[in-house]
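Chemist: show me the folded form of this:
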Amino acid sequence: MHFHTEYSMDGVSKIKILLEEMKKKGVGVAITDHNEIQGVLAALKQNSGLFIIPGIELTCNTGVHLLLYFPEVSSLEKFYNREVLPLKKKNKFFLPISIEKMLKVARKYDCYTSAPHPFGPGAIGMMKEGKVSSEVVRNLDMIESVNGSCFKHENKKAVTWAKEVKKGMSAGTDGHTSAQLGKVLCFSYGKTPRHFLESIKKGNSICIGTRENLFEDLLHTAEKFVREEKKERGDLLELYRSRYQTEHDYLLHKIREEEGRFSGHFHVHHRELGKEHEPFLRKHKEYKQLLKNKFY
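Modeler: Predicted coordinates for the structure are as follows:
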């Protein structure tokens with residue numbers, strides 16, 4: 001219920017490989033790229049009977065994330081073209097809109113809203129400061145109870161919060177490479193995206209999974225090789241390629257081409273920010289506004 005493709009700034013999941021992994025593992029997926037829908041459209045175009053939920057993960061002005069799921073891809077396209085694209089022209093990574101206003105806007109469309117990693121690190125979790133307005137809670141359909149990038153105590157808090165506010169629970173790997181697919185799963189009823197989402201909203205779901213640092217470990221290693229301009233030992237290269245297939249080579253390419261923005265974007269979204277991150281935030285104009293937030 002939370003998966004990124006190569007169309008996210010910090011994702012490397014190739015659509016073709018993702019679809020192959022879905023068939024192999026027998027699981028469906030909600031494609032939720034950061035402020036982008038090209039991954040969903042590409043997957044649906046190549047799809048042959050697989051269960052795909054059209055989605056998007058939005059990053060609002062303070063860094064808080066919001067997941068939106070759409071029963072029909074046409075509704076997602078309409079929402080994206082009308083509401084997201086104009087905001088991306090001002091800041092493509094941190095949309096200049098508050099979480100409260102974005103939820104109000106989303107309510108005008110045929111979609112389901114979810115709070116991803118609500119107690120997650122950095123600025124991404126909407127419960128990071130300990131509370132949100134009653135208006136935000138009212139406009140949420142579900143809460144992500146298990147996120148593969150979060151620690152156990154963060155996910156346990158999410159489960160407790162979901163029970164307190166009586167919201168349905170979803171789960172997702174927050175995967176950025178196809179090897180992560182299926183590590184966290186959400187079971188529910190429904191043969192169509194609409195029925196499946198409605199079932200979760202009503203509380204009829206089972207969420208299972210575990211935290212894994214597969215992508216984070218790979219990213220750290222890849223950064224090191226690129227930074228130190230070293231070639232990987234043959235056995236290590238083959239290990240990564242066997243686990244991540246050609247996405248490993250694509251990761252190295254992205255790190256080199258983006259000149260630090262790829263890994264920086266990932267760390268901004270998945271790490272507690274501190275003074276050591278200031279140079280990156282100041283260097284790239286899209287991230288400067290986070291300096292105004294009390295993130296350390």
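
Chemist: how about the helices in the stretch 101-250 of the chain?
Modeler: Taking DSSP state H, counting those that start in this stretch, the helices of the stretch 101-250 of the chain run over residues 134-138, 152-164, 193-201, 214-228, 234-244, 247-257.

Chemist: in stretch 174-185, what's buried?
Modeler: Using 16 or more other CB atoms under 10 Å as the test for burial, stretch 174-185 gives 174-185. Quick note: C-beta positions are derived from backbone N, CA and C, even for glycine.

Chemist: point out the most buried one among the helices of the stretch 101-250 of the chain.
Modeler: helix 193-201 (a mean of 20; mean count of other CB atoms under 10 Å).

Chemist: from the chain's centre, how far out does that one sit?
Modeler: 19 Å (CA atoms, centre = their mean, to the nearest Å).

Chemist: could you give the mean pLDDT of that helix?
Modeler: Throughout helix 193-201, pLDDT has a mean value of 98.

Chemist: could you export the buried residues of stretch 174-185 as JSON lines, including distance to residue 48?
Modeler: Below are those laid out as JSON lines (distance: CB to CB, whole Å):
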{"residue": "174", "distance to residue 48": "26"}
{"residue": "175", "distance to residue 48": "21"}
{"residue": "176", "distance to residue 48": "24"}
{"residue": "177", "distance to residue 48": "22"}
{"residue": "178", "distance to residue 48": "17"}
{"residue": "179", "distance to residue 48": "22"}
{"residue": "180", "distance to residue 48": "22"}
{"residue": "181", "distance to residue 48": "17"}
{"residue": "182", "distance to residue 48": "19"}
{"residue": "183", "distance to residue 48": "24"}
{"residue": "184", "distance to residue 48": "25"}
{"residue": "185", "distance to residue 48": "22"}
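
Chemist: and the helices of the stretch 101-250 of the chain, which one is worst for confidence?
Modeler: helix 234-244 has the lowest average pLDDT among the helices of the stretch 101-250 of the chain, namely a mean of 61.

Chemist: and residue 262, how far from residue 118?
Modeler: Residue 262 sits 26 Å away from residue 118, going by CB to CB, to the nearest Å.

Chemist: likewise for residue 98?
Modeler: 16 Å.

Chemist: one step back: who's more crowded, residue 262 and residue 118?
Modeler: Comparing residue 262 with residue 118 by neighbour count (other CB atoms under 10 Å), the higher total belongs to residue 118, at 26 against 23.

Chemist: now do the contacts for that one.
Modeler: 125-127, 143-144, 157-158, 161 (CB atoms under 8 Å, 6 or more residues apart in numbering).

Chemist: how long is stretch 67-85 end to end?
Modeler: 16 Å (CA to CA, to the nearest Å).

Chemist: which one of the buried residues of stretch 174-185 is nearest residue 79?
Modeler: Taking CB to CB as the measure, residue 79 sits nearest to residue 174 out of the buried residues of stretch 174-185, at 21.5 Å.

Chemist: burial count for the residue nearest to that closest one when sequence neighbours are not counted?
Modeler: Counting by CB to CB, 6 or more residues apart in numbering, residue 174 lies nearest to residue 149, which is 4.3 Å off, once chain neighbours are set aside. Applying other CB under 10 Å, we find 26 residues neighbouring residue 149.

Chemist: please look at residue 149 and residue 117 and confirm they touch.
Modeler: Yes - here residue 149 reaches residue 117: they are 6.7 Å apart, a contact under CB atoms under 8 Å.

Chemist: what do these two both touch?
Modeler: Shared contacts of residue 149 and residue 117, counting by CB under 8 Å, 6+ apart, come down to residue 174.

Chemist: so how many other residues sit close to residue 36?
Modeler: The number of residues packed near residue 36 is 22, by other CB under 10 Å.

Chemist: where in the stretch 1-150 of the chain is pLDDT low?
Modeler: Low-confidence segments of the stretch 1-150 of the chain (pLDDT under 70): 129-130.

Chemist: residues touching the residue nearest to residue 209 when sequence neighbours are not counted, list them.
Modeler: Nearest non-adjacent residue to residue 209, counting by CB to CB, 6+ apart: residue 184, 2.8 Å away. Taking CB under 8 Å, 6+ apart as the contact definition, residue 184 lies against 2, 146-148, 171-174, 207-210.
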